[in-house]
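Chemist: Have a look at this prediction, sequence included:
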Amino acid sequence: MATYTLAKALNEGLRRAMERDPKVVIMGEDVGKLGGVFRITDGLQKDFGEDRVIDTPLAESGIVGTAIGLAMRGFRPVCEIQFDGFVYPAFDQIVSQLAKVHYRSAGAVRLPVVIRIPFGGGIGAVEHHSESPEAYFAHTAGLKVVACSNATDGYFMIQQVIASDDPVIFFEPKRRYWEKAELDTTATPDPLWQARVVRPGTDVTVLAYGPMVKTALEAASAAAADGVSLEVIDLRALSPLDMAAVLESVNRTRRCVVVHEAPANVGLGAELAARITEQAFYTLEAPVLRVTGFDTPYPASRVEEDYLPDLDRVLDAVDRSLAF
Amino acid sequence: MSDGDPSVAEAHPELVQLLSPEGERVAHPHYSIDLTPDEFRALYRDLVLVRRIDIEATALQRQGELGIWASLLGQEAAQVGSGRALAPDDFVFPTYREHGVAWCRDVDPLWLLGLFRGVNLGGWDPNAHNFNLYTIVIGSQTLHATGYAMGIQREGGGPDGSYPGAVIAYFGDGASSQGDVNESFVWASVFNAPVVFFCQNNQWAISEPIEKQSRIPLYQRARGFGFPGVRVDGNDVLACLAVTRAALARAREGSGPTLVEAYTYRMGAHTTSDDPTRYRLASDLESWKLKDPIERVKAYLVRNGLADADFLDAVQAEADELAAHVREGCRALPDPEPLSMFDDVYVEGTPHLDRQREEFATYLASFEGAR
């Protein structure tokens, strides 16, 4: 057991994956000598060489398109998109090619490609550096989408998605990169596609992922002081969703609040609310409520704290749920 | 080979041609080809059969058996010439019009029809033929080809630095404007990847002439990316074979990418849904008919005593047989079962999709008694 930041845990996870399988290659902008702008690939090019840790030209479609070709040849590329808002030039290659080749080929061609995307706000950045584009990818059949929230998941989940034969979009909460936690690298990891109850409770289920898990846990601590028991679930997998875990919890608490930084409109919260309503309608005491970013473009950073869901907005939703 | 150096480019003709439209052999300072009579006759056979597949498919679309067809009419030499230049370990990334290259890679023409009939999205196993599935989004496959070539590089070369195979990416004049094609040029150049970019400039991107895509000859673009470009008579199967062979050999020996611009003409419509009379002159078509890729080979064979009436009749008979195979096989292609649409979305399936499939199966079953 040792103390790791999420960033260091991801770095170690990548290192383990590269050691285990010589077909794993890392590609992206500045991932080599610099170790990436967040240092997630720090030291990997030095140890694994320029052929396996590839500083690419500055073109995101090229990164994903060539990763597809490498995967067709038997490699397992791990692409780094430098910031969430820079993934869109690669959108066509991700949605029209990466997601569809296995289907198009009736299973003959597998594309075990991982696309890592630091996402979310809260770091005072300029435009395009604070977005939460996960719903675009969760909407696309053929992709799987996950989000890590802590060092243990960072370490194990990155290795699990690299081992997956399906293409995975891997979201990393950039404002939590420097959060420290105890990590036991010898532990048996949870299965990749399972949500996790990170704080058991009885009154309201709070569903969160990525950066909002910490926010939800803080809200749960504050609510406990007022005698309200929140059950916080870290979804971990955004597509496919672990509905079994969600329904098990909601059937007990009969109330649910979904929290994410992404805008509300047609977001993960909408899908969760719809599925919970379809599958647990008679147990619900209140509609599923959402605490999200607003349906605006990501605002200037001096007002981002008002845009981002925080402890108080989560508690406000909890109060509204309990008032039904 | 023209390497973009102006002093070199001026020293030899811009268009590599080894067989004139009249069927006369032409000498070229940098490219030559020496074929046995059998090899010559085999190229003729390929050209005739490939055209016949295409004509039959167009007819099947008119009969309602195919939803759409993208004809290769006029581009047979570009495809057979480059396709026959390939070695077994080379890998092909086609667009959706490379029926002639598919023929050279032993892909049964019936497999090509599935996509256009709507019974599947591809059909064949790319790795069984070293021929990727057709890619419909314009230019996407050039990046896949470059990545695949980077994979060959990473597996390592022989003691002399050469690779066991090269990659060829097909695309058209319209695709040359796509960002992905330009990114693939950057990547291939920077990584010195063993890939040949084979552009069939058929002069038309649906209704838009080449002037809407480029102010300079396309092959000259390669220079700006740092690798050689060469323009070849795309209706000359010998020149296409010789130039592509040289470019593939260059890639395999570790000398990096080449852009080949096969200068040709789309004799048919973009697809069976298109109407070229709205945007181009019949007279253009007439002048290109005189440059037909098959007639010039036939003229050469007959004039030089390499083909007699028996041979020509035998090829014709084989074409008739192949047409029957395409016709009858197409009509026999079964429609997929509705529930098969849920297959192969993922390698490792998901409970959500399993549930959706089950619900739809139950829904379908509820109608069975009523039918």
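Modeler: Done, it's in.
Chemist: tell me what the longest helix seen in chain B is packed against?
Modeler: Determined from DSSP state H, the single longest helix within chain B is helix B:37-62. Using 3 or more CB pairs under 8 Å, 6 or more residues apart in numbering or on different chains; DSSP states H and E, the elements in contact with helix B:37-62 are helix B:76-83, helix B:99-104, helix B:109-117, helix B:237-252, helix B:295-303, helix B:309-332. The way it works is simple: take the backbone N, C-alpha and C, and place the C-beta from them, glycine included.
Chemist: Now with 7 Å, please.
Modeler: Under the contact definition 3 or more CB pairs under 7 Å, 6 or more residues apart in numbering or on different chains; DSSP states H and E, helix B:37-62 sits against helix B:76-83, helix B:99-104, helix B:295-303, helix B:309-332.
Chemist: Pick the most deeply packed of these.
Modeler: helix B:76-83 (a mean of 31; mean count of other CB atoms under 10 Å in any protein chain shown).
Chemist: Can you dump the C-alpha atoms of it in CSV for me?
Modeler: Extracted C-alpha coordinates of helix B:76-83, given in CSV (Å, rounded to 0.1, in the frame of the first residue of the first chain):
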residue,chain,number,x,y,z
GLU,B,76,-10.2,-0.9,-65.2
ALA,B,77,-6.5,-0.4,-66.1
ALA,B,78,-5.8,1.7,-63.0
GLN,B,79,-7.2,-1.0,-60.8
VAL,B,80,-5.9,-4.1,-62.5
GLY,B,81,-2.5,-2.6,-63.1
SER,B,82,-2.1,-1.5,-59.5
GLY,B,83,-3.8,-4.6,-58.2
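Chemist: Do a quick rundown of the strands in the stretch 51-200 of chain A.
Modeler: A:53-55, A:76-80, A:114-119, A:144-147, A:168-173, A:180-183, A:196-199 (DSSP state E, counting those that start in this stretch).
Chemist: hmm, who's touching whichever helix or strand comes after the last one?
Modeler: Okay, so that is strand A:196-199. Sequence-wise, the next helix or strand downstream of strand A:196-199 (DSSP states H and E) is strand A:204-208. The contact list for strand A:204-208 (CB atoms under 7 Å, 6 or more residues apart in numbering or on different chains) reads A:215-216, A:219-220, A:230-235, A:246, A:249-250, A:253, A:255-259, A:272, A:314, A:318, A:321-322.
Chemist: For PyMOL, write a command that selects the buried ones of those.
Modeler: To isolate the buried subset of these in PyMOL, counting by 16 or more other CB atoms under 10 Å in any protein chain shown, use the following:
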select buried, chain A and resi 215+216+219+220+230+231+232+233+234+235+246+249+250+253+255+256+257+258+259+272+314+318+321
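Chemist: Contact residues of the stretch 201-324 of chain A facing chain B?
Modeler: For the stretch 201-324 of chain A, the contact set with chain B under CB under 7 Å from any CB of the partner chain comprises A:240-241.
Chemist: how is chain B carved up into domains?
Modeler: B:6-336, B:337-371 (automatic domain parsing).
Chemist: and B:Glu368, what pLDDT?
Modeler: On pLDDT, B:Glu368 comes in at 73.
Chemist: show me the contacts for it.
Modeler: Per CB under 7 Å, 6+ apart, neighbours of B:Glu368: none.
Chemist: returning to that earlier point: just the mean pLDDT for the longest helix of chain B, thanks.
Modeler: On average, helix B:37-62 scores 98.
Chemist: same deal with stretch B:152-168?
Modeler: 94.
Chemist: what sits up against that stretch?
Modeler: A:51, A:73, B:82, B:86-87, B:89-93, B:145, B:148-149, B:191, B:193-196, B:198, B:248, B:251-254.
Chemist: Alongside chain A, which residues does the stretch 51-200 of chain B contribute?
Modeler: So the stretch 51-200 of chain B meets chain A at B:120-122, B:125-127, B:133, B:137, B:140, B:143-148, B:150-152, B:154, B:179-180, B:183, B:186-187, B:190 (CB under 7 Å from any CB).
Chemist: Pull out the buried members of the contacts of stretch B:152-168.
Modeler: So, by 16+ other CB under 10 Å, the buried ones in those are A:73, B:82, B:86, B:90-93, B:145, B:148-149, B:191, B:193-196, B:198, B:248, B:251-253.
Chemist: just how off-centre is the longest helix of chain B within its chain?
Modeler: 14 Å (CA atoms, centre = their mean, to the nearest Å).
Chemist: ok, now how distant is A:Val78 from B:Ala166?
Modeler: 26 Å (CB to CB, to the nearest Å).
Chemist: if I pick the most centrally placed residue in chain B, what's in contact with it?
Modeler: Chain B has B:Glu98 as the residue nearest its centroid, 3.0 Å off, counting by CA atoms, centre = their mean. By CB under 7 Å, 6+ apart, the residues touching B:Glu98 are B:79, B:170.
Chemist: 6 Å instead, please
Modeler: Taking CB atoms under 6 Å, 6 or more residues apart in numbering or on different chains, we find B:Glu98 in contact with B:Tyr170.
Chemist: do you know how far it is from chain A?
Modeler: 16 Å (CB to the nearest CB, to the nearest Å).
Chemist: any idea of the pLDDT on that residue?
Modeler: Reading off the model, B:Glu98 has pLDDT 98.
Chemist: What's the local residue count around A:His102?
Modeler: 22 (other CB atoms under 10 Å in any protein chain shown).
Chemist: re the thing from before, sort out which of the contacts of strand A:204-208 are in strands and list them.
Modeler: Residues of these located in strands (DSSP state E): A:230-234, A:256-259.
Chemist: Quick check: of these, which lies closest to A:Glu19?
Modeler: A:Asp234 (27.6 Å; CB to CB).
Chemist: you'd agree the closest one is up against A:Val197?
Modeler: No - between A:Asp234 and A:Val197 there is no contact under CB atoms under 6 Å: 8.1 Å.
Chemist: Spatially, and excluding backbone neighbours, which residue is closest to A:Asp184.
Modeler: In this structure, A:Asp184 finds its nearest non-sequential neighbour in A:Met1, 4.9 Å apart by CB to CB, 6 or more residues apart in numbering or on different chains.
Chemist: Equivalent analysis for B:Leu241, please.
Modeler: B:Gly81 (4.2 Å).
Chemist: gap between the spatially closest residue to B:Arg250 that is not a sequence neighbour and chain A?
Modeler: Residue nearest to B:Arg250 in three dimensions, not counting chain neighbours: B:Thr258, with 5.9 Å by CB to CB, 6+ apart. Separation of B:Thr258 from chain A (CB to the nearest CB): 18 Å.
Chemist: B:Gly226 now?
Modeler: Taking CB to the nearest CB, one finds B:Gly226 at 12 Å from chain A.
Chemist: What is the burial count for that residue?
Modeler: 15.
Chemist: Please convert the strands of the stretch 51-200 of chain A to TSV, extending it with mean neighbour count, mean pLDDT and distance to chain B.
Modeler: Below are these laid out as TSV (neighbours: other CB atoms under 10 Å in any protein chain shown; pLDDT from 0 to 100; distance: least, CB to the nearest CB, whole Å):
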stretch	mean neighbour count	mean pLDDT	distance to chain B
strand A:53-55	22	98	8
strand A:76-80	27	98	8
strand A:114-119	26	98	14
strand A:144-147	26	98	7
strand A:168-173	26	98	11
strand A:180-183	16	97	26
strand A:196-199	17	98	17
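Chemist: Fine, thanks again, bye for now.
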